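# only geometry, no sequence info:
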């Protein structure tokens, strides 16, 4: 039959889900993306412009905690049967979430109820999760707390995974298929909803600079996971003489105590930095300083420098 869909999303994932839904015969009646920041064009916005889909660029739909009436009316005029939220940072009011006859459907890159929040990919690595997966759910007034349409798990979180590899190599393609499958089931009248269980529920905040700050005196495993969980963004960091030094491309070189204080640079060569931490040494492939990201050997760091 095909549904009239309002899309709230961004980035390549939002574009790919929307493309697939259009190819499946659904009508895209509107696309909401974040405001243009003046940098690289958003892929979903570019797709909407190319196809002539109505495009909206609001920062949000609330003002002082209340729904913005004119934006809600503008949205309702689209006549959507279903809202699709493949990748969005916008918190929608109930006046929009609940408005279509089929409500809304949202993607989340974890096995809910674990790792609720906007940085689930990073926190799964930082906290040492060994299995990941995706969830498709109906949003409610909580943060990632609504009932589930679909879950797929069994995705191993490898000791070498970064936030980027977990997402792009594993959860991204699975998520596109799951969103398309869920919308098809809603259209066919075969979709079912299951409340999230309370056991194992957790919520973590966004990864800001405070969350990405390294304590190089922590055990090796925790330091290494934080670096991988913040790679490529925002970059886990420590300081050298007051300057933030962000570390990328981390691997464990040795689990033997290095005999130098944690944070000491033991080598800086073509293989990267050798960094002493509590209980071993790490290899760091790339570093970002004030001048930008470069191979670690070109970052101007010397043997004996100590990051704190």
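Right, received. Where do you want to start? Everything quoted here is computed from the prediction, not taken from an experiment.

# What segments of the stretch 1-150 of the chain are helices?
Secondary structure of the stretch 1-150 of the chain (DSSP state H, counting those that start in this stretch): helices located at 11-23, 43-51, 69-76, 94-97, 120-126.

# my bad, should have said the stretch 201-308 of the chain
For the stretch 201-308 of the chain, the helices defined by DSSP H, counting those that start in this stretch occupy 209-212, 220-229.

# Could you name the helices and strands sitting against the shortest one?
Taking 3 or more Cβ pairs under 8 Å, 6 or more residues apart in numbering; DSSP states H and E as contact, the helices and strands that helix 209-212 lies on are strand 236-240. Yep, even glycine has a C-beta here, placed from its N, CA and C like the rest.

# angle of the strand it packs on against helix 220-229?
Put simply, strand 236-240 runs at 110 degrees to helix 220-229, going by axes from the mean of the first three to the mean of the last three Cα atoms, to 10 degrees.

# Looks like residue 12 contacts residue 41 (just checking).
No - contact criterion Cβ atoms under 8 Å: residue 12 and residue 41 do not qualify, at 11.8 Å.

# ranges for the strands of the stretch 51-200 of the chain?
Along the stretch 51-200 of the chain, counting by DSSP state E, counting those that start in this stretch, strands occupy 55-56, 62-63, 66-67, 82-85, 104-108, 131-137, 148-156.

# how close does the residue lying farthest from the centre of the chain sit to residue 307?
Most distant residue from the mean C-alpha position of the chain: residue 259, 37.4 Å away (Cα atoms, centre = their mean). In this view, residue 259 and residue 307 are 17 Å apart by Cβ to Cβ, to the nearest Å.

# circling back to that earlier point, compare residue 12 and residue 41 and say which one has the larger neighbour count.
Ranked by neighbour count (other Cβ atoms under 10 Å), residue 12 and residue 41 place residue 12 first, with 15 against 12.

# Quick one: residues contacting that one.
Residues in contact with residue 12 (Cβ atoms under 8 Å, 6 or more residues apart in numbering) are residue 43.

# can you rerun that using 10 Å?
Residues in contact with residue 12 (Cβ atoms under 10 Å, 6 or more residues apart in numbering) are 42-44, 47, 87, 168, 172, 176.

# One more: residue 173?
13, 16.

# ok, it to residue 152 distance?
11 Å.

# How about residue 209?
As judged by Cβ to Cβ, residue 209 and residue 152 stand 33 Å apart.

# Then residue 7?
22 Å.

# can you give me the mean pLDDT across stretch 229-249?
Averaged across stretch 229-249, the pLDDT comes to 97.

# Please verify my assumption that residue 275 contacts residue 258.
Yes - counting by Cβ atoms under 10 Å, residue 275 does reach residue 258; the two are 8.9 Å apart.

# among the contacts of residue 12, who's most crowded?
residue 44 (30 neighbours).

# so that one touches residue 21, yeah?
No - counting by Cβ under 10 Å, residue 44 sits too far from residue 21 to count as a contact (11.9 Å).

# so what's in contact with the two at the same time?
Jointly contacting residue 44 and residue 21 under the rule Cβ under 10 Å, 6+ apart are 7, 86.

# which strands and helices sit next to the longest strand seen in the chain?
Using DSSP state E, we find that the single longest strand of the chain is strand 243-254. Judged by 3 or more Cβ pairs under 10 Å, 6 or more residues apart in numbering; DSSP states H and E, the packing partners of strand 243-254 are helix 209-212, helix 220-229, strand 236-240, strand 265-269, strand 272-277, strand 280-289, strand 292-295.
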